[in-house]
Structures are given as C-alpha cells and as structure tokens.
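Peer 1: let me see the structure of the following:
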Amino acid sequence: MKIIWILNGYGLDSGAITGGPIRFHAVSSRWQKSHSGLEQVLVTTSGGEKVLRSMGCCFPFVRVPSALVFKREPFKAFRIWSYLVTSADALLFPARLPQGDVVITVSDYFCDIVPAVVSKRRTSGMRWIAWIHHKERHPTERPGNRLFNEITWRIQEWSFRKIAKYADQAWVLDSDAGDEVAQRLKELGMPQERILKMRNGIESGPISQSPDRNKTVDVVMIGVRPNKGSLDVVPVWKIVQQVRPGTTLRLMGGMAGEVNLQKHIKQEGLEKLIEIFKPENGWVPFDEYLAKVKEARLLFAPSHEEGWGIALCEAMACGLPVVAYDLPVYRRVYGEALVTVREGDHRGFALKICALLDDREAYESRRLIGFECALRYGWDALAEQDWSALASGRSSAASDCLR
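Peer 2: Numbering: from 1, shown residues only. All right, here's what the predicted structure looks like:
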C-alpha cells in the first residue's frame, strides 16, 4: 500500500506544532514500523518540511510552493496568500502530485483539500480520507477579529462541502466537537457510514522518561490564541494577583496576537509576573517542551473552542493538575479529571487556580486523578485502531466514550 499524506498548512514558516501534525507523526511513524510493504510520502510546504523534520519525520517529501517570490512570510496574514499559491499549483500542475492507493489530508484547510480533490479525480481507484479536528463556531459566537473569523468560517464550510462530495471517508474526533462536524457533513449529503471516529493521544513513553524539574513558575498556558483564551489571560491574572500576589504564569506555544497581548500585560503592570516564551525557531524539540511544562505546577486552560485538548492530556501526564473552562468536549474526553469553571467566569477561574495552588491535599488528589486519566491515551494502541479503520473502513473509536 502507498499512502500520500497532505499537510500544507504551515506555508513558508514552520510556526507552532499543533494537533494535526502531532497526530500525523504519531500515527504514520507507528504504521511504518508495524506494517511491512507500506510506502508513505508526504506532500507539504517548506515550512511543513522544517517542522516535521524537527519532529523526526523521515518520509520522502514532495515540497509544493507556497509563495511566488518570498522565502519567509513578511506578516501573519500572508499565510492566506500562501494557501492560495499552494492550491493554485495543485490545479495548474496536477502531475506534480504523487500517486498512490490512499491520500490522507491532515486538516480541513483548503490548501490540503484542493490537492486531495485533484489527486482523487486524477487517479482512478484512489481513496481519500479526510481528517477533521474541529468545527469553527459561527463568527458571531467566536472571540477575536470578526472579519477574520467570518473568512475562516466560510472557508471551512467550503472544505466541508468538498469533503462531503468527494472523500471516501471523513475521520472526526470521538468528541462533542466531532459530533458537530459529523452532523454538518451529513447535512451536506455525506452518508453516515462514511463518517468514522478517531481519538487523539500522547507520547506517553517520552513523557514518562522525561525527568521531573524544579518548579520555576506557578502556572503554564499552552496555545495562546483568541479562541484558546488569550483574551482571558489579563482579566484572570489581575484577579489572581488580588487573591494570591506574586503568582507567576508562563505563556507558550501557538502564539497569535502576542503584540497586543504584550501591550495589555504591560498596561496592567503584569510584565514581571507573566512570561511569554517564544523560541527563536518557532518550535522546541519535544523533550525541551516537556521540560518547560514540567517546570510549572499547574496548567491554565481557558480555551473557548477545542477539538480534543492534547495539550491538557500531555500536561496531566506530566503531573500537572488542569483548570479549564467547562467545555462539553472536556467532559466527554476527560470526565472528572479536570477542575472546571463556567465559561467566561474570570473570577471563578482565578479563585480555582489560587485555591488549588494553596491546598496541598487537593492539589495532590487532582494531580493523581489527571495522571491516571492521561495513561489511557497512549499513541501505540490508538495508531493500531486507526490502521484497522484504514484497512476495514470501520470506525477507529469504540462506541462508548472513555472515562
């Protein structure tokens, strides 16, 4: 079997390592070790090649263009242009795309969907499996820039229509977010039997082997974007300082809008208490990432929109209790393992953080509950479930939810 993976979302610059690429590398690397005769090729951009090589991906790469002149992205919004260039290249030069038995798109970005549609229509008998990690909220319900949210929501709707029409299977998360995606695909005409479920996981081996660290910061937040709660940081931390002066916070991973956030932090006099960790290359090796996480005592997770929450699971495996907004996806995936707060309740969030940091018995209890929960999500078993789904066309997730 020959599998063609498509992962073009990084454009020219690598940026942060997000859930889709993590899942791709975890699953594909295990398939390569476990199944003889399997050939895997990755279609990606220069930014994608850089970050995936850093993760240890050693598959053959087919690099597709993501700019006409520039070698680096001059500003963040340029990424949309890079997606257009990549999509146009697939339409104009389809012969550049490799042929195989199965093509798998790692995201629903249109720069992945367009090459997949071209490949499927060009190669008779090729199956297309589309991974979808979340459904964006309607622009009126989503924090952040309204115009940007409107554009991304409409783009995802376009992708969903193409997936419903052309994909042989759509793999959605076994979560409330995945249920929303499945419902929308069915509304667009995709039969239920072509919509399968998948689960996310963690690299439990490397995490368990990573040594414990001295606690140099009280709290860490991973993934700093409006939909992940970046607009909640300052309001919550102002209240934290009223209740527990001197409590420190480290922000890291997936930064967006950090200039305005830094200004807000400075305006409120919090710059000595909130550290923004940004590695020079935009990413850190996994062992260094784990070290940064393990230097904290607790994870602050004010996300408003989540497909699964890999970062939360990794943090719990690292021994950190998690305080998060009470999202349906968290209840379904992690049950009672998290300390949760009503969404938007800044004071409640701050009080839960402070109480957990000061109550040694409650802290240790939550740490152990979270650690035991995280043990369920090792990639080895999940990758084999995915392989069974690939080979048989059945769902990779059990009918009941993990608790």
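
Peer 1: show me where the stretch 101-250 of the chain has strands.
Peer 2: For the stretch 101-250 of the chain, the strands defined by DSSP state E, counting those that start in this stretch occupy 102-105, 127-132, 169-173, 195-198, 217-222, 249-252.

Peer 1: for residue 368, which of the ones you listed is the nearest?
Peer 2: Between residue 368 and the strands of the stretch 101-250 of the chain, the shortest gap by Cβ to Cβ is with strand 217-222, which sits at 19.0 Å. (Glycine included, C-beta is placed from N, CA and C.)

Peer 1: need the contact partners of the closest one.
Peer 2: 229, 233, 247-254, 275, 292-293, 295-302, 311, 315, 320, 353, 357 (Cβ atoms under 8 Å, 6 or more residues apart in numbering).

Peer 1: ok, now stretch 86-97?
Peer 2: Stretch 86-97 has contacts (Cβ under 8 Å, 6+ apart) with 4, 8, 11, 43, 45, 62, 64-66, 110-111, 114-115, 118-119, 122.

Peer 1: if we go to 10 Å?
Peer 2: Contacts to stretch 86-97, defined as Cβ atoms under 10 Å, 6 or more residues apart in numbering, come from residues 4, 6, 8-9, 11, 41, 43-45, 62-68, 103, 109-119, 121-123.

Peer 1: what residues sit buried inside that stretch?
Peer 2: Residues 86, 87, 89, 90, 97 are the ones in stretch 86-97 that count as buried (16 or more other Cβ atoms under 10 Å).

Peer 1: what about that stretch, start to end distance?
Peer 2: Using Cα to Cα, to the nearest Å, the end-to-end distance of stretch 86-97 comes out at 12 Å.

Peer 1: average pLDDT across that stretch?
Peer 2: For stretch 86-97, the mean per-residue pLDDT is 96.

Peer 1: tell me how far it lies from the chain's centre.
Peer 2: With Cα atoms, centre = their mean, to the nearest Å as the basis, stretch 86-97 stands 27 Å off its chain's centre.

Peer 1: residue ranges for the strands of the stretch 251-400 of the chain, please.
Peer 2: 274-277, 296-301, 322-325, 339-341.

Peer 1: give me the residues contacting the first one.
Peer 2: Which is strand 274-277. Contact with strand 274-277 is made by 216-217, 219-221, 224, 233-234, 237, 247-253, 255, 258, 261-262, 264-266, 268, 284, 292, as judged by Cβ under 10 Å, 6+ apart.

Peer 1: list the strands paired with that strand, with their directions.
Peer 2: Each strand paired with strand 274-277, and its direction, by DSSP bridges: strand 249-252 (parallel).

Peer 1: dump the partner strand to CSV, restricted to CA.
Peer 2: C-alpha atoms of strand 249-252 as CSV (Å, rounded to 0.1, in the frame of the first residue of the first chain):
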residue,chain,number,x,y,z
LEU,A,249,2.4,32.5,34.6
ARG,A,250,4.2,31.2,31.5
LEU,A,251,2.6,31.5,28.1
MET,A,252,3.9,29.3,25.4
